[in-house]
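*Asks:* Generate coordinates for the sequence data below:
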Amino acid sequence: MSFDLRLVKTATDAEAARRLAREALWLRELAGVRSLEGQLPQLIEEGTDAAGWPYLVIRIPPGAGETRAFTKEHARFLAHLGKARFRTADFEHASKCQWIQRSIASVPRDHAPLLEGAYYDCEKALLYWNGPYVLSQGDFAPWNIRTFGSQLFVFDWGSAHADASPLDDVLHYLMIQRRLKTVPLLRRAMGRAREFAVAAYPEWSWRPKVIGALTLVYLLGVILHREAKRSDPVVDAYWKLLEKRSAWMKEN
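*Replies:* Below is the predicted model:
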């Protein structure tokens, strides 16, 4: 693949500066992962502009195609990405779990009962499940992905984080496009996420109870990342799915 386009990304506020720092961190680390070679931007320069804001210069390929379907190439990329930073842990010891707990404590108190109840359901369902936790791109969505022949190229690593559920990126790709609100569509996304997990991580049990709990982890993560603002249409859609969780979570 020929890289001959340069993109300059400059922060204009503190949050953007944090995202740029995170993106640079992960691009440096993932540059050495052979299975992802040619599928991520190349970080070629970091610095600070005249106003004191950080910037990055990255190299990207010219031209691109986009698809909304979740293909075998998407699944292959996520399987390689997950193994780039991988560990096995109990849910309560994963940093994603601990971040959810801290974030719920900071939301408005009128929002807390639903979020606390959903978190309790996660914790209860995953109590005796020791599973894989992986690196997540954080915003794995069609607008951050291009295709070059049979290979993906994935942009925007400012939301990447370790210790994520293996289902997070799959569910995000399938759901964020439509801001899914209905239980049948959610179940379809959960089924596709389970197929991915079984193929990528066959050593673990992916029974319906686990898939349901990890879907709750995904929904809670997005809601809390967006500060539980009900005026946000994504938060509103996912909030309604939390309220309906008895209709799609499995007990066994």
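
*Asks:* okay, CA-based contacts and neighbour counts for the rest of this
*Replies:* OK.

*Asks:* quick one: Asp156 from Ala21, how far?
*Replies:* Counting by CA to CA, to the nearest Å, the separation of Asp156 from Ala21 is 12 Å.

*Asks:* and if you look at Ala31?
*Replies:* Distance, Ala31 to Ala21, using CA to CA: 16 Å.

*Asks:* And for Leu152?
*Replies:* For Leu152, the distance to Ala21 - CA to CA - is 24 Å.

*Asks:* I'd like the secondary structure assignment at Leu20, please.
*Replies:* For Leu20, the assignment made with DSSP: H, G, I helix; E, B strand; the rest coil gives helix.

*Asks:* Go ahead and confirm Leu167 touches Ala200.
*Replies:* No: counting by CA atoms under 8 Å, Leu167 does not reach Ala200; the two are 10.6 Å apart.

*Asks:* Residue most distant from the centroid, the chain?
*Replies:* Residue farthest from the centre of the chain, counting by CA atoms, centre = their mean, is Ala50 at 33.4 Å.

*Asks:* now it: how far from Ala16?
*Replies:* Counting by CA to CA - Ala50 and Ala16 are separated by 17 Å.

*Asks:* go on, Pro41?
*Replies:* For Pro41 relative to Ala16 (CA to CA), the value is 18 Å.

*Asks:* same thing with Tyr119?
*Replies:* In terms of CA to CA, Tyr119 sits 29 Å off from Ala16.

*Asks:* and the spatially most central residue of the chain, what does it touch?
*Replies:* In the chain, the residue lying closest to the centroid (CA atoms, centre = their mean) is Gly138, at 3.3 Å. Contact partners of Gly138, counting by CA atoms under 8 Å, 6 or more residues apart in numbering, are 157-161, 169.

*Asks:* Assign it to helix, strand or coil.
*Replies:* Going by three-state DSSP: Gly138 is coil.

*Asks:* Give me the pLDDT value at it.
*Replies:* The per-residue pLDDT reported for Gly138 equals 96.

*Asks:* Check Met249 too.
*Replies:* On the pLDDT scale, Met249 gets 89.

*Asks:* give the contact list for the residue nearest to it when sequence neighbours are not counted.
*Replies:* Spatially, and ignoring its direct neighbours in sequence, Met249 is nearest to Gly212 (4.9 Å; CA to CA, 6 or more residues apart in numbering). Contacts for Gly212 (CA under 8 Å, 6+ apart) come out as 190, 248-250.

*Asks:* at 10 Å instead, please
*Replies:* By CA atoms under 10 Å, 6 or more residues apart in numbering, the contact set of Gly212 is 121-122, 125-126, 187, 190, 194, 206, 218, 245, 248-252.

*Asks:* With Ala31 instead?
*Replies:* By CA under 10 Å, 6+ apart, the neighbours of Ala31 are 37-43.

*Asks:* what's the lowest-mean-pLDDT helix or strand in the chain packed up against?
*Replies:* Lowest by mean pLDDT, DSSP states H and E among the helices and strands of the chain is strand 145-148, with a mean of 86. Helices and strands touching strand 145-148, as assessed by 3 or more CA pairs under 10 Å, 6 or more residues apart in numbering; DSSP states H and E, comprise helix 72-84, strand 151-154.
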